[in-house]
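> Here is the input, now give the coordinates:
(one chain, ligands or ions: 2)
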Amino acid sequence: MTNQDKEVFRDSIGTINDAGGRNFLHPKKPVGIFYKYRTLLSWLLLTLLISAPFIKIKGNQFLLFDVVKGKYNIFGQPFWPQDFYLLVLSLLIGIVFIIFFTAIFGRIFCGWICPQTIFLEMVFRKIEYLIEGDRTKQIKLEKQAWNTEKILKKGIKWIIFYILSFVIANVFLAYFIGSDELLKYIHEGPLNHINILVKLGVFSLIFFFIFAWFREQVCIIACPYGRLQGVLLDNNSVVVAYDYKRGESTNGRSKIRKGEDREAKGYGDCIDCKQCVQVCPTGIDIRNGTQLECINCTACIDACDAMMDKVGYDRGLVRYASENNIARGENFKFDARIKSYTVVLILMVTALITLLFLRSDIEATVLRLPGQMFTTTDTTVTNVYTFTLINKTVNDFDDLQMKLISQPGEIKVIGTKISLKRESLKEGTIFITIAKKDLTSSKTKLKIGVYKGDKLIETTTTNFPSPLILK
Ligand code: SF4
Ligand code: SF4
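Ligands and ions are numbered 1, 2, ... in the order given. All right, here's what the predicted structure looks like:
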């Protein structure tokens, strides 16, 4: 077989047939230790995903991404649009972390943690197995005419799929508008909130389309992370891999024949049972090597281990291994690339922690009232300003005061005392009066402090214009 022949599998993808139409996959239900652990982890992650918008910490939603109101909660901690730099840095850390993790462990995220895989493989696919049976029964049902059995099975499956999609759409909405708002809409009745109901219906249809039809194509065609594998992985990365040295030996793979001396004939341990192909949810043959479609779901490891047990060979013909491990027996190396990712990650996390510690509870802005000139007396100059105070915490602040730090002078707040409720914003007007003798230029830079009692909690700066000739 020439190298070109060996690469023929790259000319097509398992989900598209020769005519260019959709090839609907019917992967066999995996059974094995990895599937068991993935199931356990998926229940944990599903519980987290569904409950996160309904968990409150000090009355604050655990995770909230209200883009319209510009309100974000991460682990119950409120963030404001003013903290956007922290969000950007966190996202960058997330990206570097994924790159770092992928360089070491391949697409482990896709197989074990990604919500798409979890919902598809651990929820929708399991319901499908329950209603339509395993691979062989599903293929048979697919081929048969639309008789009562097929209409009933498909009908029940699609109704359940749509209900589940509707539930997912509701949870999804709770992340964006807040669970309190969502529960209020439910309590007041959907007919009183038709626009929300329509939006939910549309989102449910999108989820239904993804989980009932589009499925693994999200990972193969749509997901940008999948496309990056070619540059993120190298021969040192640990991925789900077929040990071609052991599987092919000197004369390739071959089916088991009774009484045959496989060793003498140079056959490897692969008995060409194709179980690894039948369980694959993306329709590939792992024996062709690492491929873009592989989401590292481990189903082929479980399938092959089961076959190895049956024929009395050692497990691990398909296993977590790097190319270097299979080709040269080398163990994972902490090479220069991984070291540099580690340094970048440590630096970024340190920067984020420092910024989080430096982040003040209250953010103050003081700006001159547009169009207003200073006023003077014989001895003083006065300017009018507007101020904005944002309370980023879940605590109330009563009786806040603003004082000049940079020089002597007086700040007079118009109206009552400044009180700030939790996660609120206050705007108002202040007069700043400074004695002429304390001014040295026509535009003095002022530093203003926001105090709670004697405690300084935030500082801000502004300019103070005054007549050119002061004295
Ligand atoms: S090749 Fe194996 S690990 Fe990769 S997607 Fe298929 S079954 Fe999962
Ligand atoms: S399951 Fe294992 S033995 Fe069977 S074809 Fe795949 S790699 Fe070969």
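> mind listing the strands for the stretch 251-400 of the chain?
Ranges of strands within the stretch 251-400 of the chain are 318-321, 362-368, 375-376, 380-391, 397-404, based on DSSP state E, counting those that start in this stretch.
> Could you point out which of these sits nearest residue 203?
strand 380-391 (31.9 Å; Cβ to Cβ). C-beta here means a position set from N, CA and C on the backbone, and glycine is covered the same way.
> can you list the strands of the stretch 251-400 of the chain in JSON lines and add mean neighbour count and distance to residue 49?
Putting those into JSON lines (neighbours: other Cβ atoms under 10 Å; distance: least, Cβ to Cβ, whole Å) gives the following:
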{"stretch": "strand 318-321", "mean neighbour count": "20", "distance to residue 49": "26"}
{"stretch": "strand 362-368", "mean neighbour count": "17", "distance to residue 49": "32"}
{"stretch": "strand 375-376", "mean neighbour count": "12", "distance to residue 49": "59"}
{"stretch": "strand 380-391", "mean neighbour count": "20", "distance to residue 49": "30"}
{"stretch": "strand 397-404", "mean neighbour count": "16", "distance to residue 49": "34"}
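> Of all those, which one is nearest residue 283?
Using Cβ to Cβ, the strands of the stretch 251-400 of the chain put strand 318-321 closest to residue 283, at 16.1 Å.
> Is any residue of the closest one near ligand 1?
No. On the criterion Cβ under 6 Å from any ligand atom, strand 318-321 is out of touch with ligand 1, staying 7.1 Å away.
> before we move on, the earlier item: so which of the strands of the stretch 251-400 of the chain comes closest to ligand 2?
Between ligand 2 and the strands of the stretch 251-400 of the chain, the tightest spacing by Cβ to the nearest ligand atom is seen for strand 318-321, at 5.3 Å.
> contacts for that closest one?
With contacts defined as Cβ atoms under 8 Å, 6 or more residues apart in numbering, strand 318-321 is touched by 238-243, 276, 286, 300-301, 303-305.
> Equivalent analysis for stretch 420-429, please.
Residues from elsewhere that reach stretch 420-429, judged by Cβ under 8 Å, 6+ apart: 59-60, 71, 78, 362, 369, 384-397, 400, 413-415, 418-419.
> repeat that with 10 Å
58-60, 71, 73, 78, 80, 361-365, 369, 384-398, 400, 402, 412-416, 418-419, 450, 452 (Cβ atoms under 10 Å, 6 or more residues apart in numbering).
> cool, stretch 323-335 as well?
So stretch 323-335 is contacted by 103-105, 233-239, 241-247, 289-290, 319, 321-322, 338, 342 (Cβ under 10 Å, 6+ apart).
> Next: stretch 86-97.
For stretch 86-97, contacts defined as Cβ under 10 Å, 6+ apart pick out 65, 72, 74, 79-81, 83, 109, 225, 341-342, 344-345, 347-349, 351-352, 355-356, 359.
> Quick check, the residue in the stretch 351-471 of the chain closest to ligand 1?
Distances between the stretch 351-471 of the chain and ligand 1 by Cβ to the nearest ligand atom are smallest at residue 352, namely 33.3 Å.
> Do a quick rundown of the strands in the stretch 101-250 of the chain.
For the stretch 101-250 of the chain, strands defined by DSSP E, counting those that start in this stretch occupy the ranges 239-242.
> Tell me the residues on this protein that lie near ligand 2, please.
Contact residues, the chain versus ligand 2 (Cβ under 6 Å from any ligand atom): 242, 247, 270-276, 287, 303-304, 307, 317-318.
> What subset of those is buried?
242, 247, 270-271, 273, 275-276, 287, 303-304, 307, 317-318 (16 or more other Cβ atoms under 10 Å).
> Tell me which residue of the stretch 51-200 of the chain lies closest to ligand 2.
Here the residue of the stretch 51-200 of the chain nearest ligand 2 is residue 135; by Cβ to the nearest ligand atom that distance is 14.4 Å.
> Would you mind confirming that that residue is in contact with residue 24?
No. Using Cβ atoms under 10 Å, residue 135 is not in contact with residue 24, being 11.8 Å away.
> the more surrounded of these two?
Set side by side, residue 135 and residue 24 show more neighbours around residue 135, with 16 against 13, by other Cβ atoms under 10 Å.
> if I look at the more buried one, how far off is residue 189?
Note on residue 135: its distance to residue 189, by Cβ to Cβ, to the nearest Å, is 44 Å.
> which outside residues touch stretch 304-317?
For stretch 304-317, the external contacting residues (Cβ under 10 Å, 6+ apart) are 30-34, 242-244, 246-247, 256, 268-271, 273-276, 279, 286-287, 298, 300-301, 318-319.
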